[in-house]
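Visitor: Sequence plus predicted model, see below.
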Amino acid sequence: DDVVHVPHRTSLVPGYEGVCRAAIAAGAFGATLSGSGSSIMAVATREVAERVAAAMRSAWQELGTFAETFQSAEHVEGFRVTRHERAPEAA
């Protein structure tokens, strides 16, 4: 979770904590405000993405708020550590 901007903006998003908890309980790795806080995003595998989206919509509905969800089509590889060997110096 972003400790710089999120704590200052969550009070502006009623239901933030509940929606994030619902996303994580449904299998997301995490959820947080997206950008300046006009939306909440969750990070999950493709296998659980629809379940996470449904849980987030349901959490909003319990608060009387309509929510629309979408899944990014981008595949994210994650990170890799690559080691490059230095070429031996010429003698």
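Guide: Great, that's in hand.
Visitor: need the helices for the protein, in chain order.
Guide: 6-9, 16-25, 46-62 (DSSP state H).
Visitor: Going by neighbour count, list what's buried in the longest one.
Guide: So that's helix 46-62. 48, 49, 52, 53, 55, 56, 57, 59, 60 (16 or more other C-beta atoms under 10 Å). All C-beta spots, glycine's among them, are computed from the backbone N, C-alpha and C.
Visitor: tell me the angle that helix makes with helix 16-25.
Guide: 150 degrees (axes from the mean of the first three to the mean of the last three C-alpha atoms, to 10 degrees).
Visitor: helices or strands up against helix 46-62?
Guide: When contacts are defined as 3 or more C-beta pairs under 8 Å, 6 or more residues apart in numbering; DSSP states H and E, helix 46-62 packs onto helix 16-25, strand 39-43.
Visitor: Can you lay out the ones you listed as CSV showing distance to residue 71 and mean neighbour count?
Guide: Below are the helices and strands packed on helix 46-62 laid out as CSV (distance: least, C-beta to C-beta, whole Å; neighbours: other C-beta atoms under 10 Å):
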stretch, distance to residue 71, mean neighbour count
helix 16-25, 13, 18
strand 39-43, 10, 18
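Visitor: tell me, which of the ones you listed is the model least confident about?
Guide: Of all the helices and strands packed on helix 46-62, mean pLDDT reaches its minimum on strand 39-43 (a mean of 91).
Visitor: Name the residues that touch that strand?
Guide: 13, 16, 19-20, 23-24, 28-34, 52-53, 56 (C-beta atoms under 8 Å, 6 or more residues apart in numbering).
Visitor: try 10 Å
Guide: Applying C-beta atoms under 10 Å, 6 or more residues apart in numbering, the contact partners of strand 39-43 are 10, 13, 15-16, 19-20, 22-24, 26-35, 48-49, 52-53, 55-56, 59-60, 67-69, 71-72, 76.
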